[in-house]
Structure formats: structure tokens, C-alpha cells
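Participant: Give me a model of this one.
(2 chains)
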Amino acid sequence: MTGSEHSPIRCGIVPPYLLVRLARLDDPRFAAAAEAARQSLLRDAPLRTVREAPHPLPGPGLRAGAAPKRVPGTIDRSISDAAGLERLPGRLARAEGHPPVPDVAVQEAWDGLGRTHDLFWSRFDRDSVDDHGLPLDATVHYGRNYDNAFWDGERMVFGDGDGLVFNRFTASLTVIGHELTHGVTQFTANLAYQGQSGAINESLSDVFGSLVEQHARDQSTAEAGWLIGEGLFTDQVQGVALRSMKAPGTAYNDDVLGRDPQPDSMAGYVETEDDNGGVHLNSGILNRAFYLVATALGGNAWDAPGQIWYDTLTNGTLGGTATFAVFARATVRAAVKRYGIGSAEHLAVVSGWTTVGLGSGLAAGVPGPKRSERQRPE
Amino acid sequence: MKVVVSRSGGMAGIRTTWEVDVDAQPDADDWASLITALPWAEVAVRAPEPDRFVYRIRCPPNEVVLAEPQLCGPWKELVDRVKASQSGVSAAGGRRARSSRTPDSPLGDFGVNSQPPG
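Facilitator: Down below sits the predicted model:
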């Protein structure tokens, strides 16, 4: 195993397409380089300029025969089949323009990528994961009895589950949205996957994963279930989903799996060395804050709440090692910037963070007469 | 001599622990040579990746933490053997006895019990 440490690569003027390709490499050496280049990019050029940069040169992710000019917002999917091996990408099962295939995992992944792409494009004007039309590639049937799904830096990978505890991981649209959002985060705030920044990274994937499902089902905040991974457990497990954004810690309570360990406020914050510092645990605190904001505002969660979170993720102000407090402040700033100081959106965000124990110092910009609104009962 | 494999992370964020008492195995010598030959001190720190598993392998006085992509070669052989020896004992029991997922349910209090029982 290679063990040497690598110092971050210094970046001067790096063309966006190079950065994009750097960031797609599955190599920890490039994580620092990509972050440095991205920061440089954001400092030097507004996002709009980046958006209008020429399309990346054809790379490994672009299939032969792809037209040199593409229509923005056009989806380009491919689903491969690992056939039970742990080798990527596997054998191509369906590409854009191909007819459907009978394999249910291929079909679910296909539809899920489409739904996820649709949310980001139609609601947030984001052209795929990198905002430059990156092809969306996924692999299904990864490994044997593989109880997981992940984003490997350039594609989504889904296991079939063991059939005893877990069903196939394509079964929930929230999981597909979750994995793709890891890609969006990689190309934007690039939050380090450790400790609090890792939990923010996780929560953003849950937030947008849930929004993908709500958007696809046309569910309002009140109608939505706010569950992540509903239907992933087999019927032998006592639980409805992997996580609940509405009520973290209540998704399952099983004699073998134990109880859903997610805290729902800072009072229950978990210190652990496992799970990269509890990134899938403490994310519950942030998930609930988003749910509270959405509930306070009503309507569809992908509107103002989703927009505020999307702005926070993509406006270049979040550092890669942001803490919960930094993230909370950033959402408040994003709300104020888009909806105005003292707006209902601004107040809802402050109130949400206050309820989960992260309200300290956030009320500074809230006009006096309206402050009492922060204390609304749940 | 005990080997404890604790897998955390993954999209589900559920911790699973497998454990084997090497001395009680019929091929204890095989186990011992496999464990002795492992590069315990040569594991590089690797940047975490979204939703991948994290493996903590303990065999006192040794302990390593491996990112999922690092679980290859002799490490994978060890983990596969630990899993297999455990499920071999209780395979007939179905899901409930398939593996000791988070024994004594430490999920509820990770803070005080983040290490597998030793």
C-alpha cells in the first residue's frame, strides 16, 4: 500500500474543466489539489462565469460519438452491471437512447438518476452534478450481498443488499438522490468527510435526497414522509427507514440492529471515532433543522428551504472544514441575501437552528419586534 | 487471542461487529501465521470517502483502521475469515444469529461504547 503523504498542489489559474477532471479522480492526492483549485476559482471568478465556461474537453466520462455541443440541461445516463463482482464500472446495461431493460435495479437507477437530475435542473438551474452536464453513471449489482450504496468520486454504486436485513439499495429514490448529491457537494463546497464537515456533507445528501423524492411525488412539506431509505429494510427488520429527518432517532428499533442512534439536537451530539466521526449520526441534528425550516414555511420544501440550502452549498462561502455553527450562520446569510432581513424565510432559518441547539448568535440580524416569533412552539 | 472486526459507516451508518477466538479454532496455527504476517504498522491514512465502510480491526496489541478500498489482500482474507467463522457457527439461526451486529446494542450510546467489546 502506498503510504507517503502528499502536500497540496499549488494552483494558479486552473481552467474549470481541468479542475472538474481533477476532482473526478479517485485519488486522495487530488482532494487537496481540487479544493485549492476550487477556492482559487471561486475567489477569482463568480459562479456565473464558471457556469458559462466552455464545456470540458472530452474525457473518459464522455462516450464516443457524443456531440461536441450539447443542449444545457440534457441528461446523459449510463447504468452498468457489476454482476456480483466488486469491479467498476461493470458491463454497460443501458445508455441514453437505449430501450428499457427488464432488470429492476437498472430501471430504478435509471429513473432515479432522471428524477435527481430533474430536481437540480428544474428547481436550481444546475446542469448535472458538476453544473456542466457531467454524464451520470451508475453501477448496480455491486458485490455479493453488498449492504451499501456509495458515490466513488465519479459514479454511483449500488449493492443488492443481503436479502436478510437489506433489500437492494436502488429501492429508495432518496438513496439515489443522496448519492448523487455527494457528487454535487464534491464539485461545490467539497466538505471534508470527517467530523462536523462530514456530517454537513451527509445531511446535504439527505436533504436533497429527500427533496428529489418529494419533488418526484409532488409532495408538500406536510405530505412528505421525511424518511431516508424507506423500504430498504426487509420485513424482518423492525423499522421503516434508515433515517428520519422529521424525528431523528426513530427510524428503527430492532432487536438486532438496535435503536436508530441519530440525535435530534446538539444535546445528543455523539462523539465517536467510528463512521469517520459519526457523520451518519450527527447529520440528524442538521436534517431536523432543515425539516423545521420547511415546516415553518409550509408549501413545497424544494422552494425557499431548498433554495436557501442550495445557495449555502454552492455560493462558495462554505469552507471545506466548516463546523455546524459555521454552516448554520451560512444558511442564515443565504436566507437574508435571497429573501431579505427579517423575512419569513430568515426567521424560519434562525428558529430552526435555535430549536436544535445551534441558535447561538444567529439572531443578530433579526429585527427586534419579530424576535418573539423565534420561540414558536413546535 | 481474539480478533474483532468492527465495520462502521456505509450509507446506512449502522455498525456491525464480528469476533473470533483464534485459539478455539481448529486451524489456530493458520490464523496465527496470517495475523502475524499482516502489515499492522504499514497502513496509510486515507482520506475518507462518502458512504464507504470503515473497518476497525483489533487483535491486541495491534489495531488498524482501514478505509473500504484498503480492505484488500491479506486484510480482506482476515476479515472474510472472521465473518465466515462466525456465520459458520450460527448460520442455521437465520438473520437473528447471522452475525453479532452491534452486540448489546451500543448504537444507542456510541459516546461511551464506541469500541467493540474486547
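
Participant: could you pull out the helices for chain B?
Facilitator: Remark: helices assigned in chain B by DSSP state H are B:28-37, B:73-90, B:95-98.

Participant: which stretches of chain B aren't confidently modelled?
Facilitator: When the per-residue scores of chain B are filtered using pLDDT under 70, the ranges that remain are B:87-118.

Participant: Looking at it, what residue ends up closest to chain A?
Facilitator: Checking chain B residue by residue against chain A with Cβ to the nearest Cβ singles out B:G13 as nearest, at 2.6 Å. C-betas here are computed from N, CA, C, even on glycine.

Participant: so what's that residue closest to, chain neighbours aside?
Facilitator: If you skip the residues right next to it in sequence, B:G13 has A:H280 as its closest partner in space, 2.6 Å away by Cβ to Cβ, 6 or more residues apart in numbering or on different chains.

Participant: try A:A304
Facilitator: What sits nearest to A:A304 in space, not counting adjacent residues and going by Cβ to Cβ, 6+ apart, is A:E345, at 4.9 Å.

Participant: Let's see the pLDDT reported for the one you found.
Facilitator: A:E345 carries a pLDDT value of 98.

Participant: what's it sitting at in phi/psi?
Facilitator: Comment: the main-chain dihedrals of A:E345 come out as phi -60, psi -40, following degrees, to the nearest 10.

Participant: Now do the same contact list for it.
Facilitator: If a contact means Cβ atoms under 8 Å, 6 or more residues apart in numbering or on different chains, then A:E345 has A:297, A:304, A:308, A:335, A:338-339 as its contacts.

Participant: out of those, which are buried?
Facilitator: Neighbour-count burial (16 or more other Cβ atoms under 10 Å in any protein chain shown) applied to these gives A:297, A:304, A:308, A:335, A:339.

Participant: List the ones among these that fall in helices.
Facilitator: Checking the buried ones among the contacts of A:E345 against DSSP H, those in helices are A:297, A:304, A:308, A:335, A:339.

Participant: Dump the residues you listed to CSV, plus pLDDT and distance to A:R91.
Facilitator: Converted to CSV, these look like this (pLDDT from 0 to 100; distance: Cβ to Cβ, whole Å):
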residue, pLDDT, distance to A:R91
A:L297, 98, 46
A:A304, 98, 43
A:I308, 98, 42
A:A335, 98, 46
A:Y339, 98, 48
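
Participant: List just the nearest of those residues to chain B.
Facilitator: Within the set of those, A:I308 lies nearest chain B; the separation is 22.7 Å, counting by Cβ to the nearest Cβ.

Participant: circling back: give me the neighbour count for the residue of chain B closest to chain A.
Facilitator: Burial measure for B:G13: 23 neighbouring residues, criterion other Cβ atoms under 10 Å in any protein chain shown.

Participant: before we move on, back to that, distance of the residue nearest to A:A304 from chain B?
Facilitator: With the distance defined as Cβ to the nearest Cβ, to the nearest Å, A:E345 ends up 29 Å from chain B.

Participant: give the contact list for the closest residue to B:V79 other than its chain neighbours.
Facilitator: Of all residues beyond its chain neighbours, the one nearest B:V79 is B:V5 (5.4 Å), with distances taken as Cβ to Cβ, 6+ apart. For B:V5, the residues meeting the contact criterion (Cβ under 8 Å, 6+ apart) are B:17-19, B:55-58, B:78-79, B:82-83.

Participant: Which residues of the stretch 101-250 of chain A lie near chain B?
Facilitator: On the criterion Cβ under 8 Å from any Cβ of the partner chain, chain B has as its neighbours in the stretch 101-250 of chain A the residues A:147-153, A:164-166, A:169, A:175, A:178-179, A:182, A:186, A:192-194, A:198, A:201-202, A:205, A:229, A:232, A:236, A:242-243.

Participant: now, which of those residues lie within strands?
Facilitator: Secondary structure assignment (DSSP state E) places A:149-151, A:243 from these within strands.

Participant: Now flag whichever of those residues is closest to B:W40.
Facilitator: Closest to B:W40 out of those is A:F150 (26.5 Å), distances taken as Cβ to Cβ.

Participant: Centre-most residue in chain A?
Facilitator: Nearest to the mean C-alpha position of chain A, by Cα atoms, centre = their mean, lies A:S205 at 2.3 Å.

Participant: List the residues that contact that residue.
Facilitator: Each residue near A:S205 by Cβ under 8 Å, 6+ apart is listed here: A:177-179, A:181-182, A:185, B:50.

Participant: Among those residues, find the one with the greatest number of neighbours, please.
Facilitator: When neighbours are counted by other Cβ under 10 Å, A:H178 leads the contacts of A:S205 with 33 neighbours.
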